[in-house]
Every structure is written in C-alpha cells, then in structure tokens.
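Colleague: Here is my input; please provide its structure:
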Amino acid sequence: MQIKEFLKQITEASGVSGYEAPVRELVRAEFAAYADEVRTDTMGSLIALKKGNRPTGTPRRSIMLAGHMDEIGLVVTKLEKGYLRFSTVGGFDLRVLLGQEVVVHGRRDLPGIIGTRPPHVLSPEEREQVVPLDRLFIDVGLTEAELGANVRVGDIVTLRREFTELAGGLVAGKAFDDRAAVACIDLCLQYLAGLKHTWDVYAVATVQEEVGVKGALTSTFGINPDAGVALDVGHGNMLGVPEVDTVNVGGGPAIGFGPNIHPVLYEQLTAAAAKYEIAQQMDPIPGPSGTDAWAMQVVREGIPTALISIPLRYMHTTVETLSLKDLERIGRLLALFIAGLTEESARELGLPPAARDK
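Modeller: As a prediction, this is how the structure comes out:
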C-alpha cells in the first residue's frame with residue numbers, strides 16, 4: 001500500500017492506549033504482505049519478522065524497529081443527566097478539547113461532541129481561563145435512559161478527525177504520533193523486499209507508549225534483538241517555538257543523540273544517510289527521550305538503541321501536521337541502513353558472538 005493511503009487508514013482508526021485492537025488489525029494486514037511471520041505478543045504489540053538472507057554457518061543477528069500505534073484518548077467516568085463526564089488517557093492539552101467531535105465506543109459507536117457552558121453565562125474571571133476538565137462534557141444526543149442503555153463508565157472515547165491533505169506535500173490528522181512511525185516501518189519493509197539483508201528485521205507496532213512505554217519494554221524483552229531503532233515524532237518548526245527546540249518539517253529524519261542513544265549506532269545511521277544522500281537533521285536529547293527508545297535501551301543487559309524522530313507540528317492535537325517526504329526518507333534510510341549491516345557492524349557495537357545458522 002502507498003504510504004499516504006496507509007497513513008490515512010491507520011490514523012482514522014481507533015486505538016487508544018490499552019485498546020489498540022482496531023488499528024492493530026489494519027497494521028497486521030499490511031505488514032503481513034512483506035513479512036515472513038506476524039504475531040501479537042501478550043501485551044498486544046504487533047511483531048512482524050522479515051528474515052535475513054545469509055549463508056549457512058554465518059552469525060544470526062537481528063534488529064528491531066519500533067513505533068507505537070496507540071493514541072491518546074478519553075474514558076467515560078460518569079453518566080450525568082444525559083451527558084458524559086470523562087477523563088483523559090495519555091497527555092492532553094485541555095485547550096484543544098472543547099468543541100471536538102468524538103466517537104464514544106459503547107455498546108455501539110456513538111458520534112458526539114465535547115461541550116461546556118457558553119461564554120455568555122460565565123463570570124469575567126472564568127472567561128479568561130482554560131475550561132477545566134470537570135466543566136467539560138460529551139453530548140451524544142441521547143436521552144438519559146437511552147444513554148444508560150448504550151454507554152457505561154469505562155467506555156473508551158476517541159477524537160474524530162479525517163485525514164487532510166495540505167499544500168506542499170504536508171498532511172494533517174490525528175494520531176500521527178506515532179502511527180506515522182508505523183507507516184515508516186511499513187515502507188522500510190517494502191524497500192527491503194527489493195534488497196538483500198543478512199540481519200533479521202523485527203518490525204514492531206508497540207502498545208501503551210502514551211501511558212508508560214509498556215509495549216516497548218515487553219516486546220524488546222521477548223525479541224532480545226542485537227540492536228534497536230525507535231521511531232517517534234519530534235516538535236516541528238512553527239510560530240512561537242524557539243528554533244533550538246524544533247526540527248524542520250520537510251528537512252528529513254531527525255537522528256537523536258545523547259545518553260539514551262548508543263553513540264556507535266548513531267554514527268552508523270548518520271553515515272548511511274550521508275552515503276545515500278538522504279537529508280538528515282541532528283536532534284540532541286540531553287536526557288531521557290520519553291519514547292520507546294528509553295524502554296528498548298534498558299531491557300535485559302541493555303540493547304544498543306537509536307532514535308529517529310519525524311518532524312511534526314501541533315503534537316497531541318487532532319491536526320498534527322507532517323511532510324510525507326520525511327516519511328519516505330525515513331523508510332528508505334532504514335532499509336538501506338539494514339541492508340548494510342554486517343558482522344563488522346555488530347563488532348563496532350560491542351556485541352558478543354552470536355549463534356550461527358546451521
């Protein structure tokens with residue numbers, strides 16, 4: 001599938017942290033076209049294996065690519081006089097919730113809107129403040145009795161937004177954080193179908209990143225790869241944000257470096273980008289990255305880990321915006337980098353001897 005169509009499909013789907021099943025099935029169908037094996041681990045992460053092509057008797061090495069497929073969302077906490085009170089799953093900016101269209105996943109899916117009291121009935125002080133969560137509610141248009149028959153406390157709510165194409169090769173929508181990374185991994189698998197690679201490739205769409213990088217922890221532990229590359233989003237250049245805190249949308253992959261990143265793996269990735277003339281950006285990360293990379297790095301006795309960020313504007317809103325060209329560059333970089341991995345690459349990373357194929 002073309003990357004734009006796949007990104008549209010998976011970002012319009014539902015998949016709040018801990019409830020990723022709908023989007024996971026879409027990813028499964030796509031990854032299966034290019035992988036030798038596809039499975040779901042106990043936590044819910046989707047793991048696709050594309051086996052390397054290596055001569056008998058050579059060391060068996062593997063690399064894991066991880067992008068999280070969960071999205072931030074809402075959860076019903078109370079039914080009140082025909083309306084729904086709710087809380088958040090993951091990190092929301094309350095400024096963007098009012099007026100959003102939603103889908104309440106009750107006994108049947110119900111379209112709704114997030115409302116509150118209009119400004120006409122607020123005090124002057126209230127008008128100057130962000131509407132607090134306890135003053136917001138969801139209206140699905142049902143009577144109190146109908147609502148009680150169709151929705152219960154604990155039901156998940158997703159924000160509703162259609163994928164939108166902008167000028168200049170940009171697109172906007174919800175859940176680009178981090179399903180855009182899943183699309184990059186899919187594109188990498190497509191490229192690898194036409195390349196020879198000796199390392200096994202584990203393509204993983206992880207779960208529950210937005211509530212504590214849980215899927216990355218468990219999937220990395222189960223796979224135990226020789227190296228890993230996490231893909232996530234980074235703050236794209238926009239008005240009001242200092243240049244030092246952003247990466248350029250359309251400027252290519254932002255390759256992270258810092259204590260969360262293995263320095264040799266960083267050098268290998270940047271060298272591959274330079275070799276194949278793929279635009280790249282430096283992304284200094286002085287502490288924990290807050291991404292799947294942190295979880296991957298500290299699993300077992302430690303996994304050499306890299307982080308590639310997709311430049312993204314308006315993170316954690318329903319109008320997250322990115323450049324399709326950046327996704328294409330990242331998919332191509334990953335594939336060419338993997339195709340160039342050898343036993344010498346493993347030695348440079350300080351890896352112990354590996355088992356050999358028989």
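
Colleague: show me where the stretch 151-300 of the chain has helices.
Modeller: 176-192, 214-223, 263-275, 292-297 (DSSP state H, counting those that start in this stretch).

Colleague: can you pull out the strands in the stretch 51-200 of the chain?
Modeller: 62-68, 73-80, 83-89, 101-105, 109-115, 137-139, 156-159, 164-165, 170-173, 200-206 (DSSP state E, counting those that start in this stretch).

Colleague: helices or strands next to the longest one in the packing?
Modeller: The reference is to strand 73-80. strand 83-89, strand 137-139, helix 144-150, strand 156-159 (3 or more C-beta pairs under 8 Å, 6 or more residues apart in numbering; DSSP states H and E). (Each C-beta comes from the backbone N, C-alpha and C, glycine too.)

Colleague: what's the shortest one in contact with?
Modeller: Identification of contacts with strand 137-139 by C-beta atoms under 8 Å, 6 or more residues apart in numbering yields 74, 76, 80, 82-86, 102, 104, 112-116, 157.

Colleague: Repeat that for stretch 244-255.
Modeller: Contacts of stretch 244-255 (C-beta under 8 Å, 6+ apart): 168-170, 234-238, 266, 269-270, 273, 278-283, 306-313, 321-323, 325-326, 329-330, 333.

Colleague: hang on, the earlier thing: out of the strands of the stretch 51-200 of the chain, which is closest to M296?
Modeller: strand 62-68 (6.4 Å; C-beta to C-beta).

Colleague: Within the sheet, what are the partner strands of the closest one, with directions?
Modeller: strand 200-206 (parallel), strand 227-235 (parallel) (DSSP bridges).

Colleague: any chance of these in JSON lines, plus mean pLDDT, distance to D178 and mean neighbour count?
Modeller: Shown next, in JSON lines, are the strands paired with strand 62-68 (pLDDT from 0 to 100; distance: least, C-beta to C-beta, whole Å; neighbours: other C-beta atoms under 10 Å):
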{"stretch": "strand 200-206", "mean pLDDT": "98", "distance to D178": "9", "mean neighbour count": "28"}
{"stretch": "strand 227-235", "mean pLDDT": "98", "distance to D178": "5", "mean neighbour count": "26"}
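
Colleague: Let me know which of the ones you listed is the nearest to E125.
Modeller: Among the strands paired with strand 62-68, the nearest to E125 by C-beta to C-beta is strand 227-235 (32.1 Å).

Colleague: now that closest one and helix 214-223, what's the angle there?
Modeller: Between strand 227-235 and helix 214-223, the angle comes out at 170 degrees (axes from the mean of the first three to the mean of the last three C-alpha atoms, to 10 degrees).

Colleague: now strand 227-235 and helix 176-192, what's the angle there?
Modeller: Using the same axes, to 10 degrees: strand 227-235 against helix 176-192 is 140 degrees.

Colleague: Read off the pLDDT value for the nearest residue to G99 once chain neighbours are set aside.
Modeller: Distances taken as C-beta to C-beta, 6 or more residues apart in numbering place I114 nearest to G99, at 6.5 Å, with adjacent residues excluded. Per-residue confidence for I114 comes out at a pLDDT of 98.

Colleague: ok, now K358?
Modeller: What the model reports as pLDDT for K358 is 58.

Colleague: excluding its backbone neighbours, what's nearest Y202?
Modeller: Nearest to Y202 is M64, by C-beta to C-beta, 6+ apart, at 4.4 Å.

Colleague: right, I mislabeled it, should have said K214
Modeller: Using C-beta to C-beta, 6+ apart, the closest residue to K214 is Q208 (4.0 Å).

Colleague: okay, the strands paired with strand 62-68 in TSV with distance to T58 next?
Modeller: Formatted as TSV, those follow (distance: least, C-beta to C-beta, whole Å):
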stretch	distance to T58
strand 200-206	12
strand 227-235	17
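
Colleague: Make a PyMOL selection of the buried ones in the contacts of stretch 244-255.
Modeller: In PyMOL syntax, the buried subset of these is picked out as below (16 or more other C-beta atoms under 10 Å):
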select buried, resi 170+234+235+236+237+266+269+270+273+278+280+281+283+306+307+308+309+310+311+312+313+321+322+323+325+326+329+330+333
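
Colleague: what does the lowest-mean-pLDDT helix or strand in the chain rub up against?
Modeller: The helix or strand of the chain with the lowest confidence, counting by mean pLDDT, DSSP states H and E, is helix 124-127 at a mean of 85. Residues from elsewhere that reach helix 124-127 (C-beta under 8 Å, 6+ apart): P119.

Colleague: Quick one: distance of it to the chain centre.
Modeller: Centroid separation for helix 124-127 versus its chain: 37 Å, with C-alpha atoms, centre = their mean, to the nearest Å.

Colleague: ok, now stretch 195-215?
Modeller: 10 Å.

Colleague: Test for you: state the pLDDT assigned to the residue positioned nearest the centre of the chain.
Modeller: Nearest to the mean C-alpha position of the chain, by C-alpha atoms, centre = their mean, lies D178 at 1.9 Å. pLDDT for D178: 95.

Colleague: mind listing what it touches?
Modeller: D178 touches G67, H68, M69, E209, L231, D232, V233, counting by C-beta under 8 Å, 6+ apart.

Colleague: how far away is the residue nearest to G99 from T291?
Modeller: Distance, I114 to T291, using C-beta to C-beta, to the nearest Å: 28 Å.

Colleague: Give me the more crowded residue out of the two.
Modeller: Between I114 and T291, T291 has the larger neighbour count (other C-beta atoms under 10 Å), namely 27 against 21.
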